[in-house]
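[1] Okay, sequence plus prediction incoming.
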Amino acid sequence: GGDPGAVTIFGESAGSGSVTTLMGTPLARGGFNRVIAESGTPWVASAEEAQGNAERLAALLGIDATDAAAWRAVPAPSFVEAQQQQMMAAAGGGGMSLDSGMMAFRPTVDGAVLPVSPWEAVADGAAAGVGLLIGSNRDEMKLFNMMDPALADLDDDGLAGRLAALLDGGEARAAIEAYRAARQARGEPVEASELWPAMVSDQFFRAPAGRFAALQAAHGANIYTYLFCWESPIGALGSPHAIELPFVFGTFDVPMVDMFAGTGPEAERLSGVVQDAWLAFARTGDPSTPAVGRWPRHDDGRQVTMVLGPECRPEESPRAEELAVWA
């Protein structure tokens, strides 16, 4: 009884990276009409990067990377263990390395499935007309920072050092001051240990989501964006990566979810708002509902985002001062 002319695909994290990558492959063209992307944009490797990852994995396994028979002979548990070792290699720095670390194994621009980067393909209109609902959580990286014991003692010099991989020295110091001023004005913590997750959350998740939305909006599609701000009962997490999932699926009865996401009437109310909006988008291409109200479209002229949390409201360019750092 489904309608093949109204197919919605959606995913979270790596799943969000997957569905947005599908927007850029000609093999999937025409297979879906709408996309919901939660906390992720296309993360792809070049053929050269993929080759380097293969060689690092082969070294961990003790095989020759050019020997196909040796690859096939690796027992599955050994393969998974080596992959985990490689993915966790960058976790100690609190970041998500795209080369040899936690994001090592990702789609490759191979000239066939992905003739070009999905970013380039979408910019050129590969998914013209496909509706998009895309967003992120306010404190995405705080989930990953739980594996970063050095964060607690981070000072401004250390923060600038961490930012050196993303910005040059002068830009890093200016970025720190921009974030500190914006957060101070809102009464939020401004220690270096709080600035780092805020900055990499924006750099890795929120800023790319905005850029991807703008690319797709240029091709006649209805684009809607959100910022999820419900806070975990675990105070150190804020509104971290994956916290929206129990609200999307209504799974507060799953063991441990109450500790991570909370429970109670307010949580149930927000879950109903989110579920209704996601379903409305899947049915009609517009997430507006009586509960959330009119959800304005997002475009370059007026970048309105729906803030989802204890209070739900549309807001023009929320936390714009921070995003300007990555523009």
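    Thanks, I have it.

[2] what bits of the chain have low per-residue confidence?
    90-102, 300-301 (pLDDT under 70).

[3] Which residue ranges of it form strands?
    Assigned by DSSP state E, the chain shows strands spanning 8-12, 34-38, 131-137, 223-228, 304-308, 313-316.

[4] List the neighbouring strands of the fourth one plus their orientation.
    Right, the one you point to is strand 223-228. Strand 223-228 has the following strand partners under DSSP bridges: strand 131-137 (parallel), strand 304-308 (parallel).

[5] Go through the strands of the chain and name the closest to residue 151.
    Closest to residue 151 of the strands of the chain is strand 131-137 (Cβ to Cβ; 18.3 Å). (Glycine included, C-beta is placed from N, CA and C.)

[6] Could you list the residues in contact with that closest one?
    Identification of contacts with strand 131-137 by Cβ atoms under 8 Å, 6 or more residues apart in numbering yields 16, 20, 33-39, 41, 201, 205-206, 209, 212-213, 216, 221-229, 239-244, 278, 281, 285, 287, 305-306, 308.

[7] Tell me the buried residues within the residues you listed.
    16, 20, 33-39, 41, 201, 205-206, 209, 212-213, 216, 221-229, 239-244, 278, 281, 285, 287, 305-306, 308 (16 or more other Cβ atoms under 10 Å).

[8] if I look at residue 153, how far off is residue 182?
    The gap separating residue 153 from residue 182 is 24 Å, by Cβ to Cβ, to the nearest Å.

[9] Who has more neighbours out of the two?
    Shown here are residue 153 and residue 182; by other Cβ atoms under 10 Å, residue 182 has more neighbours (19 against 9).

[10] Hmm, that one is touching residue 322, no?
    Yes - contact criterion Cβ atoms under 8 Å: residue 182 and residue 322 qualify, at 5.6 Å.

[11] which residues do the two both contact?
    By Cβ under 8 Å, 6+ apart, no residue touches both residue 182 and residue 322.

[12] what about the closest residue to residue 184 other than its chain neighbours, how many neighbours?
    Closest residue to residue 184 apart from its sequence neighbours, by Cβ to Cβ, 6 or more residues apart in numbering: residue 190 at 5.3 Å. As a burial measure, residue 190 scores 16 neighbours (other Cβ under 10 Å).

[13] Does residue 190 touch residue 182 like I think?
    No - counting by Cβ under 8 Å, residue 190 sits too far from residue 182 to count as a contact (9.3 Å).

[14] Could you check how far the residue lying closest to residue 167 once chain neighbours are set aside is from residue 51?
    Excluding its sequence neighbours, the residue lying closest to residue 167 (Cβ to Cβ, 6+ apart) is residue 175, at 5.9 Å. According to Cβ to Cβ, residue 175 and residue 51 sit 33 Å apart.
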